[in-house]
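> Here is my input; please provide its structure:
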Amino acid sequence: MDLNADLGEGFGHWTLGDDKALLAVVTSANIACGHHAGDPDTMRETCASAASAGVAIGAHVGYRDLPGFGRRFIDVAPDTLTNEVLAQLGALSTFARAAGTRVSYVKPHGALYNALFRHEAQADAVVDAVRLFDPTLAVLGAPGAVWLKRAAVAGLRVWHEAFADRAYTPSGALVPRGEPGAVLRDPAEIAARCVQLATEGWVRSVSGRPVRIQADSICVHGDTPGAVEIARAVRGALESAGVAVARVESPLRHTRQPA
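Residues are numbered from 1 along each chain as shown. From the prediction side, this is the model:
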């Protein structure tokens with residue numbers, strides 16, 4: 001099982017989360033590309049740190065919304081959205097190359113991530129951007145999202161993810177952040193859920209009903225309070241359960257470790 005986290009989300013003198021500590025735990029880093037967060041200094045430093053740690057780099061693309069941290073829907077024209085995603089991919093790819101590595105995949109951020117579940121025009125716009133920039137890139141998102149279906153049709157590699165620190169509705173959607181209990185806090189509870197997800201393919205929803213989720217990767221949000229402790233608990237619990245924690249493209253993926 002791959003572990004991913006949203007990193008590089010500082011801007012100027014403002015920092016968010018403990019990126020270096022998380023890079024010692026996760027196997028993939030979704031790095032902000034300057035539109036919802038991040039700046040040239042932050043992108044270069046985070047890419048260099050990820051490369052040093054042997055962590056895969058993903059482009060965490062979002063709406064051009066620094067004040068709202070990319071968590072507000074923007075009804076941007078599809079052609080403009082394609083261009084904005086292309087600009088983000090180009091920027092992060094430059095810093096990844098400077099660090100001696102490359103961008104491996106693309107994961108949308110925040111409101112764009114949510115919009116791409118059902119917004120067909122924006123889904124096509126993001127898929128077009130990835131295809132035009134580098135059709136060998138993988139795309140990472142939640143099972144059932146329209147944009148992942150369009151990506152598969154376009155011939156892109158599709159990876160599915162689940163969220164360690166977010167609650168699910170009975171339909172399999174994330175509980176909106178503004179609702180009580182949407183963000184999980186207890187590392188032990190979160191770790192147990194992740195083991196269940198990795199070994200049995202389901203988690204319990206807020207109603208108590210099981211939700212089946214097939215995931216290639218588990219996300220720990222870097223801005224969740226206690227993110228480092230949560231990530232360490234999740235990785236430790238997975239490894240104790242015999243689940244190899246490795247990048248999606250690693251040959252170790254989905255193998256069982258000896259007891």
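> Output stretch 232-248 as PDB, nothing but the C-alphas.
This file holds the C-alpha atoms of stretch 232-248, laid out as PDB (Å, rounded to 0.1, in the frame of the first residue of the first chain):
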ATOM      1  CA  ARG A 232       3.500   7.000  11.800                       C
ATOM      2  CA  ALA A 233       0.700   5.100  13.400                       C
ATOM      3  CA  VAL A 234      -0.800   4.200  10.000                       C
ATOM      4  CA  ARG A 235       2.500   3.000   8.600                       C
ATOM      5  CA  GLY A 236       3.400   1.100  11.800                       C
ATOM      6  CA  ALA A 237       0.000  -0.700  11.900                       C
ATOM      7  CA  LEU A 238       0.100  -1.600   8.200                       C
ATOM      8  CA  GLU A 239       3.600  -3.100   8.500                       C
ATOM      9  CA  SER A 240       2.600  -4.900  11.700                       C
ATOM     10  CA  ALA A 241      -0.300  -6.400   9.700                       C
ATOM     11  CA  GLY A 242       2.100  -7.600   7.000                       C
ATOM     12  CA  VAL A 243       1.200  -5.000   4.400                       C
ATOM     13  CA  ALA A 244       4.200  -3.700   2.500                       C
ATOM     14  CA  VAL A 245       4.300   0.100   2.400                       C
ATOM     15  CA  ALA A 246       5.700   1.100  -0.900                       C
ATOM     16  CA  ARG A 247       5.300   3.500  -3.800                       C
ATOM     17  CA  VAL A 248       2.500   2.400  -6.200                       C
END
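> average pLDDT across it?
The pLDDT scores in stretch 232-248 average 96.
> Only the buried residues of that stretch, if you could.
Buried residues in stretch 232-248, counted by 16 or more other C-beta atoms under 10 Å: 232-235, 237-238, 241, 243-248. Any C-beta I mention is one placed from the backbone N, CA and C, and that applies to glycine too.
> chain center to it: distance?
How far stretch 232-248 lies from its chain's middle: 17 Å, per C-alpha atoms, centre = their mean, to the nearest Å.
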